[in-house]
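Student: any chance you can model this:
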Amino acid sequence: MRRLAARMSDKFRLGVLDLVPRLKDASAEQALQQSVILAQHAEAWGYVRYWTSEHHDMAELASASPEVLLSHIGARTTTIQLGSGAVLLPHYSPLKVAESFRLLATLYPGRVELGLGRAPGGGPHATMALSGNYLQHVSKLPESLAALTELLEDRYTYEDHPVTARPIPKLPLSLWMLGTNVKSAEFAARFGMGYVFGQFMSDADGTEAVRRYREGFVPSATMKEPEVMVAVSVLCAESETDALAWSRDMAERRKADGKERLSELNSSGIAVSNTNDSASADHHESERHYAGTPEHVWGQLEQVSRRLDTERLLLVTAGPDYERRLNSYRLLADHKTAILK
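Tutor: This is a model prediction of the structure:
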């Protein structure tokens, strides 16, 4: 049994999804400094990727521009993959997105992963201020995805004239779609992208979305076989009592502050069900967020891995403070190392 667990653990490719939270009323500057510290430690501990999110006009989060933060993180790390989780494509020109991430891929060869999303990433007023009629833009997402893939494969034309997203990196970046439902999975399959199931912001278990993705996958120039990743919210501590208490405290604070709107926008770190039924809320919370000792959380990650048939796991950890957030990532890395011995 131990040898089986070791073989499974050896295949796990753990990554970080950092929402850049402002914990304990930290300033935005402090939150960003902590993101650098997290990425550097994650790299040293064997995590293979660092992804960061895009949110707008959310006082509790400090990352509105993934490509800017990733450039900063890339300069302060050496090997860890750098990804967006996610760039919200309906807001932007595909050419601008392609140029920005090709520039990153040129600066950090072989390390850049472009993750895309279709959520607004903010409240209605911020969304309108950013790009106008969001619903109109999201209805044109298939056209935007087609344009972006053509740009990244150097076959895009505008009015029959070739347009190239420059600079052109020697090593191409990889393309992923982050989502929580079948629609996002179908987009990822149609355009030959990897698919990231955001379990941390979904009530579904992902099996149907991942099945649709794999069955409908069309190979592309950059991805020949379907590739699946799952993003999971976790919090580890030396004792299960501490982990559960901290998780409950954070969930209650979000409710008290009215921050469950993050869940409604598909943008939360630890999603909190927006229901008056406390039993139902606790059930959804336990499905979305894993809290406990490293051994306990690891067992849950193994179940997710088996269910969705993937070894790629993106871990979202909000943490009651930065020290305990960092320690949660360390505990899981140490547990993996111990299993492999």
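Student: just confirm Ser35 contacts Pro66, I think it does.
Tutor: No - using Cβ atoms under 8 Å, Ser35 makes no contact with Pro66, being 11.1 Å away. Bear in mind the C-beta positions are built from the backbone N, C-alpha and C, glycine included.
Student: overlap in contacts of these two?
Tutor: Thr52 (Cβ atoms under 8 Å, 6 or more residues apart in numbering).
Student: compare the two (neighbour count), which wins?
Tutor: The residue with more neighbours, out of Ser35 and Pro66, is Pro66; 28 against 24, by other Cβ atoms under 10 Å.
Student: that one reaches Glu54, doesn't it?
Tutor: Yes - with contacts counted by Cβ under 8 Å, Pro66 reaches Glu54, the gap being 5.3 Å.
Student: what's the overlap in contacts for the two?
Tutor: With Cβ under 8 Å, 6+ apart, Pro66 and Glu54 have common neighbours Ser84, Ala86, Val87.
Student: chain neighbours aside, what residue packs nearest to the first one?
Tutor: Setting aside the residues directly before and after it, Ser84 is nearest to Pro66 in space (Cβ to Cβ, 6 or more residues apart in numbering), at 3.9 Å.
Student: pLDDT score for that neighbour?
Tutor: We have a pLDDT of 98 for Pro66.
Student: enumerate every residue touching it.
Tutor: By Cβ under 8 Å, 6+ apart, the contact set of Pro66 is Thr52, Ser53, Glu54, Ser84, Gly85, Ala86, Val87.
Student: make it 10 Å
Tutor: Pro66 is in contact with 18, 20, 51-55, 73, 82-88, 100-101, 104, 114-115, counting by Cβ atoms under 10 Å, 6 or more residues apart in numbering.
Student: and for Leu326?
Tutor: Per Cβ under 10 Å, 6+ apart, neighbours of Leu326: Gln34, Ile37, Leu38, His41, Ala42, Trp45, Thr317, Gly319.
Student: sec struct for the nearest residue in space to Lys140 that is not next to it in sequence, please.
Tutor: Nearest residue to Lys140 in three dimensions, chain neighbours excluded: Pro90, at 7.6 Å (Cβ to Cβ, 6+ apart). Put simply, Pro90 is helix when judged by DSSP: H, G, I helix; E, B strand; the rest coil.
Student: got the buried residues for stretch 102-115?
Tutor: By 16 or more other Cβ atoms under 10 Å, the buried positions in stretch 102-115 come out as Arg102, Leu103, Leu104, Ala105, Thr106, Leu107, Tyr108, Arg111, Val112, Glu113, Leu114, Gly115.
Student: mind listing which of these are in strands?
Tutor: Val112, Glu113, Leu114, Gly115 (DSSP state E).
Student: in the residues you listed, find the pair that's most separated.
Tutor: Distance extremes for those: the farthest pair is Val112 and Gly115 at 10.4 Å, using Cβ to Cβ.
Student: C-terminal to the helix or strand where Tyr50 lies, what's the next element?
Tutor: Per DSSP states H and E: Tyr50 is located in strand 49-52. Remark: after strand 49-52, the chain's next helix or strand is helix 66-75, criterion DSSP H and E.
Student: just after that next one, pick out the following helix or strand.
Tutor: strand 81-84.
Student: which positions within that next one qualify as buried?
Tutor: Buried positions in strand 81-84, judged by neighbour count with 16+ other Cβ under 10 Å: Gln81, Leu82, Gly83, Ser84.
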